[in-house]
Every structure is written in C-alpha cells, then in structure tokens.
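J.: 3D, please:
(2 chains)
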Amino acid sequence: MSVARTIERKLTEQLHPQSVDVLDQSHQHAGHASAPPGGESHFHVEIVAEAFNNLNRVARQRLVYQILNDELAGPVHALSLNTLTPAEAMTKPYSNGGHNRK
Amino acid sequence: MTATQDNPALERIEQEINDHPVVLFMKGTPIFPQCGFSAMCIQVLTQMGAKFKSIDVLNEPTIRDGIKQYSDWPTIPQLYVKGEFIGGSDIVREMYESGELAELFSNKGVELEDA
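T.: Numbering: from 1, shown residues only, chains lettered A, B, ... in the order given. So this is what the prediction gives:
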C-alpha cells in the first residue's frame, strides 16, 4: 500500500473524519537533502473531524502525529497538517500549503 | 515537563528557552535555511520584527532528538515564546495569518522592531 493510502487509512480508522485529503508533495522537494529518491516522503494532509472539537492546535496535531507515529519514524520526512472541526470547515476555506484548490 | 537532569541536551534546551524570549529550533540558519518549513518560520518572525534565537538542529544532533522529546512533537521547526511551546510551521503560519501570533507576542511582552 502506498504511504499516502496508509496515512489516509489510519486517520480514517482512528478519527472517523468527515473528510481527509492526503497530498503527496514529494516532487516539490526532489533533490533537497532530506528527500529520498522515489518520492513518498513529503505530505500535506487536510482533515476535518469532530475529534478536534475542544482541542487546541497543538493538541490536534499531536493527535495526528501519534496516529502516524510509525510513518513519521519511517518514510515520512515532512508532514504539514490542516486540522479543522466540521464547524470550522464550514466557515474557513482550506489553507493548503500553497497550491491546488484555489 | 520532562525531567532534564540526566540528559544534557534537554538541560540545554531548557536553558535556551528560558534565556531567550523567542527561540526557533530549525534546520539551517536564518540566512541559509535548509528546509522550506524552517524558511517560512524565519520569514514570519522577520516580517513581524521579532528578535529571536535560532538553533540549527542539523548542527546539533542531540538537540535534534532532544527537542522532539522535550516538546513531545516529532517535527522541526519548533517555536518557543517565553518558554512556552507554540507549535511547528503549520501553526506558526496559521497564527501569523489570523493575527494570533501578533497578539501572543503582545500578551507575552515580546519586543518587536518596526518591520
């Protein structure tokens, strides 16, 4: 299974999100010191979940990091996150690390 | 927080964040950041006119491991303000864009130069 699919599956199983979107951004980092050839190392994840209700930003990201502990210890060199509650997702546009979804 | 007695790296981290109002643990230096996420944090802090201490974890492997343990946060960069862990690059960017970072600096009495 691809790393992106694994990330998506784990987050779906653990957080039952309203939506989860995993973008492989490895191509943007090709050639950079910590980017291994072959990609699958730099990801951006947009996730909307009730599980984030009443958690501050740090706690939300820690929750995601814990679920993806094995991936972060292994193939994933960089993971940027946008963690929203369903209520926030209604009012905020996705902020997406700078591309897609314009 | 974590016991720092038996680990010199953790002691050093605690000292840095106590000695400097704003500390960025990053890859590379402000002039030559070695990662886009670190570069983004530098841009934000510079734009805001915040004086900060930067620590290049690529130069200090024990700090690189230590800060992850100290903050319970697996990625670099990491921003500390007045000894408090604020977050990594996603959080720094979001708080900058929403104005919360300016508010935090003001509440915590961080001196800003005219940007």
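J.: Look up which helix or strand the residue nearest to the spatial centre of chain A falls in, please.
T.: In chain A, the centroid-proximal residue (CA atoms, centre = their mean) is A:Val45; its distance is 2.4 Å. Element membership for A:Val45 (DSSP states H and E) is strand A:42-48.
J.: List phi and psi for A:Val22.
T.: phi -110, psi 120 (degrees, to the nearest 10).
J.: count of residues packed around it?
T.: By other CB atoms under 10 Å in any protein chain shown, 19 other residues sit near A:Val22. In short, each C-beta sits where N, CA and C put it, glycine included.
J.: can you pull the contacts of it?
T.: When contacts are counted by CB atoms under 8 Å, 6 or more residues apart in numbering or on different chains, A:Val22 touches A:Ala4, A:Arg5, A:Ile7, A:Glu8, A:Phe43, A:His44, A:Val45.
J.: same for the strand holding A:Val45, what does it pack against?
T.: Counting contacts by 3 or more CB pairs under 8 Å, 6 or more residues apart in numbering or on different chains; DSSP states H and E, strand A:42-48 packs against helix A:3-15, strand A:19-24, strand A:78-84, helix A:86-91.
J.: Could you identify which of those is most buried?
T.: The highest average neighbour count among these, using mean count of other CB atoms under 10 Å in any protein chain shown, belongs to strand A:78-84 at a mean of 22.
J.: for that strand, what is the average pLDDT?
T.: Mean pLDDT, computed over strand A:78-84, is 94.
J.: Can you tell me the strand partners of that strand and which way each runs?
T.: Paired strands of strand A:78-84, with direction, are strand A:42-48 (parallel) (DSSP bridges).
J.: Name the residues of the partner strand that come out as buried.
T.: A:His42, A:Phe43, A:His44, A:Val45, A:Glu46, A:Ile47, A:Val48 (16 or more other CB atoms under 10 Å in any protein chain shown).
J.: Just the helices from chain B, written as ranges.
T.: Applying DSSP state H to chain B gives helices spanning B:8-19, B:36-48, B:61-71, B:89-98, B:100-107.
J.: Pull the number of nearby residues for the closest residue to B:Glu100 other than its chain neighbours.
T.: Spatial nearest neighbour of B:Glu100, excluding adjacent residues (CB to CB, 6 or more residues apart in numbering or on different chains): B:Glu94 at 7.7 Å. Neighbour count of B:Glu94, defined by other CB under 10 Å: 17.
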